[in-house]
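S.K.: Task: produce atomic coordinates for the following.
(one chain, ligands or ions: 1)
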Amino acid sequence: MPNKKKPLVYITRKLPDPVETRMRELFEAELNIDDAPRSREELAAAMTRADVLVPTVTDRIDAELIEAAGPQLKLIASFSNGIDHVDVEAAARKGITVTNTPNVLTEDTADMAMALILAVPRRLAEGARVLTDRKGDWEGWSPTWMLGHRIWGKRLGIIGMGRIGTAVARRAKAFGLAIHYHNRHRVSPQTEASLEATYWDSLDQMLARVDIVSVNCPSTPATYHLMSARRLALMQPTSYLVNTARGGVVDETALIKCIREGKIAGAGLDVFENEPIVNPKLLKLAHENKVVLLPHMSSATIESRIDMGEKVIINIRTYFDGHRPPDRVLPRRA
Ligand code: DGY
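M.R.: Numbering: from 1, shown residues only. Reported below is the predicted structural model:
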């Protein structure tokens, strides 16, 4: 940006090298080379100086922080698809634009949802551990050992048929699963036809009829504990739950209880209610091979993280060129 004062861009976490290098070329970029999560005080101080804040899902940018921000803060360009960690309404009240990084992590996240759909019924993590824990010492193949459950021919119920939910459906169809879904709006007839998908306007009714449930909806006040104790109890005792969306969509305590009591067969989780803390009762279930747990890594490919960085840069550039950034997030309508 020749002859223009470069915006001061405060980036809360370490980003891939090519993204950071480009940001240093384009902006007055304050990086976080050692990647230590920033404290609330550090964020508050940065928000009184920076023109742009680039947070990630590990930062809670709530109304209090936003209200205390200096008048120079014009843009919160989040390095994330989900935006539940930013109070978008408070930002709008203060005239701050918010952007995210949609699309570029869709396929990677859907891959991991599919991996978890396979992992639990087919005992993938347990099988891998047999070899590593016993240092390769096992008794060999047996007709009745390590039997899991076939997923081909089963029914998958997708909650949230947006970009990621649809990408999960495409994969699952190829694995021979029948696609069922619940969404605020029905998808287009073409999409439904190509996926041979069955729409349920009643989530309760869908839950009682599918073998695997995949949570793919965003975290909003309306989806908080959408999978409540009551809804989890509607699932079949042979069914599994997979969550690659946000921990808060599932009542974790109720899920643990349902699995303990044999009301659900198991779960594959990449996200948790109180990240980075994982409920010890879930860890215990993992040791008993009832759940497969991953540390929020569905979008963790170098390709997606570079593309996310590219989106952040484009959003910042577009904003300071006086245009509407492509990935603007608007406050939810009441
Ligand atoms: C996001 O960006 O919302 C993802 O959860 C990060 O993996």
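S.K.: Per-residue confidence, Arg134, what does it come out as?
M.R.: Per-residue pLDDT puts Arg134 at 85.
S.K.: Would you mind measuring from it to the ligand?
M.R.: Separation of Arg134 from the ligand (CB to the nearest ligand atom, to the nearest Å) stands at 33 Å. Heads up, the C-betas are built off the backbone N, CA and C, glycines and all.
S.K.: Run a quick neighbour tally on that residue.
M.R.: The tally of other residues near Arg134 (other CB atoms under 10 Å) stands at 10.
S.K.: Could you pull up the residues touching it?
M.R.: Applying CB atoms under 8 Å, 6 or more residues apart in numbering to Arg134 gives no contacts.
S.K.: show me what contacts Val329?
M.R.: Going by CB under 8 Å, 6+ apart, the list of residues near Val329 reads Ser78, Ile83, Val86, Val88, Val98, Thr99, Asn100.
S.K.: State the distance from the residue most central in space within the chain to Arg122.
M.R.: Central residue of the chain (CA atoms, centre = their mean): Ala245, 3.7 Å from the mean position. Counting by CB to CB, to the nearest Å, the gap from Ala245 to Arg122 is 22 Å.
S.K.: just to revisit the earlier point, got CSV for the contacts of Val329, with pLDDT, secondary structure and neighbour count too?
M.R.: Shown next, in CSV, are those (pLDDT from 0 to 100; DSSP: H, G, I helix; E, B strand; the rest coil; neighbours: other CB atoms under 10 Å):
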residue, pLDDT, secondary structure, neighbour count
Ser78, 98, coil, 29
Ile83, 97, coil, 23
Val86, 98, strand, 26
Val88, 98, helix, 21
Val98, 98, strand, 27
Thr99, 98, strand, 27
Asn100, 98, coil, 23
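S.K.: wait, which of the residues you listed is closest to Asn315?
M.R.: Taking CB to CB as the measure, Asn315 sits nearest to Thr99 out of the contacts of Val329, at 4.0 Å.
S.K.: Surely the closest one touches Pro325?
M.R.: Yes: here Thr99 reaches Pro325: they are 4.9 Å apart, a contact under CB atoms under 8 Å.
S.K.: Quickly list what's touching both of these two.
M.R.: Contact criterion CB under 8 Å, 6+ apart; residues shared by Thr99 and Pro325: Leu75, Ala77, Asn315, Tyr319.
S.K.: Ranking by neighbours, what's the top pick from the residues you listed?
M.R.: Counting neighbours by other CB under 10 Å, the top entry in these is Asn315, with 26 neighbours.
S.K.: What are the neighbouring residues in contact with Lys94?
M.R.: Counted by CB under 8 Å, 6+ apart, Lys94 has contacts Ile66, Glu67, Ala69.
S.K.: near the ligand, which of these show up?
M.R.: Contacts with the ligand within the contacts of Lys94, counted by CB under 6 Å from any ligand atom: none were found.
S.K.: Now intersect the residues you listed with the helices, please.
M.R.: Among the contacts of Lys94, the residues falling in helices (DSSP state H) are Ile66, Glu67.
S.K.: which among the contacts of Lys94 gets closest to Glu252?
M.R.: Nearest to Glu252 among the contacts of Lys94: Ile66, at 28.0 Å, using CB to CB.
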